[in-house]
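**Q** mind folding the following:
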Amino acid sequence: MKIIEANGARIPAIGFGTYTLEGETCVDMVAKAIAAGYRHVDTARMYGNEREVGEGIRNSGVDRDDIFLTTKIWWTDIAGDKLVASAEKAVEALGVGAVDLLLIHWPNPDVALEESIEALNAAVDKGLTKHIGVANFTEALLDEASAMSSHPLVCNQVEYHPFLSQESVRAACRRHDMAMIAYSPVGQGGAVLNHEVIRAAAERHGRTPAQIILAWEIAQDRVGAIPRTKTPARLAENLDVFDITLTEEETAAIDELTKRRQRLVNPSFAPNWDRI
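**A** Numbers count the residues shown, from 1 in each chain. I've put the predicted structure just below:
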């Protein structure tokens, strides 16, 4: 397993995303993911499944210290008087002690960034999390947040796949010694997985299109990914990518696709995105 070292955090490059997983399915899939070898599990307050994620971790039988657990605070709760309270509820719901990484899920234009970052730091000081970071931050927001944070930010979690360049954000992450963790890393399936460039590489390597994409991502400096699946058989497949070495030509061809800059996640409260 590749480990991304970022400002003191050691983040497994492939994690298990739990968005849309509910109830016993969530409990079962988290336990099975850990049994398959995952040591990075990602959830969020907004997902409404932290209790089930925590139960899955406990049921796995793997030592809690061996699992890197991330949760995120929803953008409506990142004001100074709300963020820590939301983090406390998250830790209580998970029931496995402090999380390893606490993220601001989205920036909020109606809340001063300094106020949110100060509250995020307070979560560390209160023992609710070991590390802090952000999600869906642009390059400019990342520069500002890093400059004002007492504890180092270790991650920016963003949408990233072969149809969406994140050059500006990746550059900012490198500047600040942060990881960039990709959600929707295979583009939510469909057109990305079926593109001829991806399929041709998959055939040459005897792998699936999803494996090719994940291999392309984790080969990049400081980039990790949190694929999600409801299919137990895909758990091992998504993790079995560390021995795939794409050629320079294959990598360049996939890089070229990112110039499409097609976002799949763009809610009304999103920030003004970077152009590259």
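**Q** next, count neighbours for Ile213.
**A** 26 (other C-beta atoms under 10 Å). For every residue, glycine as well, the C-beta is placed using N, CA and C.
**Q** isn't it up against Asn194?
**A** No. With contact taken as C-beta atoms under 8 Å, Ile213 and Asn194 are classed as non-touching, separated by 11.6 Å.
**Q** most remote residue from the middle of this structure, which is it?
**A** Distance from the C-alpha centroid of the chain peaks at Arg204, with 28.6 Å (C-alpha atoms, centre = their mean).
**Q** residues contacting that residue?
**A** Going by C-beta atoms under 8 Å, 6 or more residues apart in numbering, Arg204 touches Glu250.
**Q** for Thr25, same thing?
**A** Neighbours of Thr25 in contact, by C-beta under 8 Å, 6+ apart: Lys230.
**Q** isn't there a helix covering it?
**A** Yes. Under DSSP: H, G, I helix; E, B strand; the rest coil, Thr25 falls within a helix.
**Q** mind checking how far it is from Thr70?
**A** 20 Å (C-beta to C-beta, to the nearest Å).
**Q** again with Ser268
**A** 25 Å.
**Q** so between the two, which is more surrounded?
**A** Legend: neighbour count by other C-beta under 10 Å for Ser268 and Thr70, higher for Thr70 (26 against 4).
**Q** doesn't that one fall inside a helix?
**A** No. Assigned with three-state DSSP, Thr70 falls outside any helix and is strand.
**Q** quick one: pLDDT of it?
**A** With respect to pLDDT, Thr70 scores 98.
**Q** next: Lys2.
**A** Note for Lys2: predicted pLDDT of 95.
**Q** thought it was touching Asp243?
**A** No. With contact defined as C-beta under 8 Å, Lys2 does not reach Asp243; the gap is 11.0 Å.
**Q** who has more neighbours, those two?
**A** Lys2 (12 against 7).
**Q** which residues in the stretch 1-150 of the chain form strands?
**A** Here the stretch 1-150 of the chain has its strands, by DSSP state E, counting those that start in this stretch, at 3-6, 9-12, 16-17, 40-42, 68-73, 99-104, 129-135.
**Q** so which of the ones you listed is nearest Thr208?
**A** strand 16-17 (17.2 Å; C-beta to C-beta).
**Q** what does the closest one contact?
**A** 29-30, 33-34, 38, 40-42, 183, 226-228, 235.
**Q** quick revisit: what's the closest of the strands of the stretch 1-150 of the chain to Phe163?
**A** strand 16-17 (18.1 Å).
**Q** ok so, going back, quick check: neighbours shared by Ile213 and Asn194?
**A** Between them, Ile213 and Asn194 share no contacting residue, judged by C-beta under 8 Å, 6+ apart.
**Q** residues touching the residue lying closest to Ala119 once chain neighbours are set aside, list them.
**A** Using C-beta to C-beta, 6 or more residues apart in numbering and skipping the chain neighbours, the partner closest in space to Ala119 is Leu83 (3.8 Å). Leu83 is in contact with 73, 77, 104, 116, 119-120, 122-123, counting by C-beta under 8 Å, 6+ apart.
**Q** nothing else from me, thank you.
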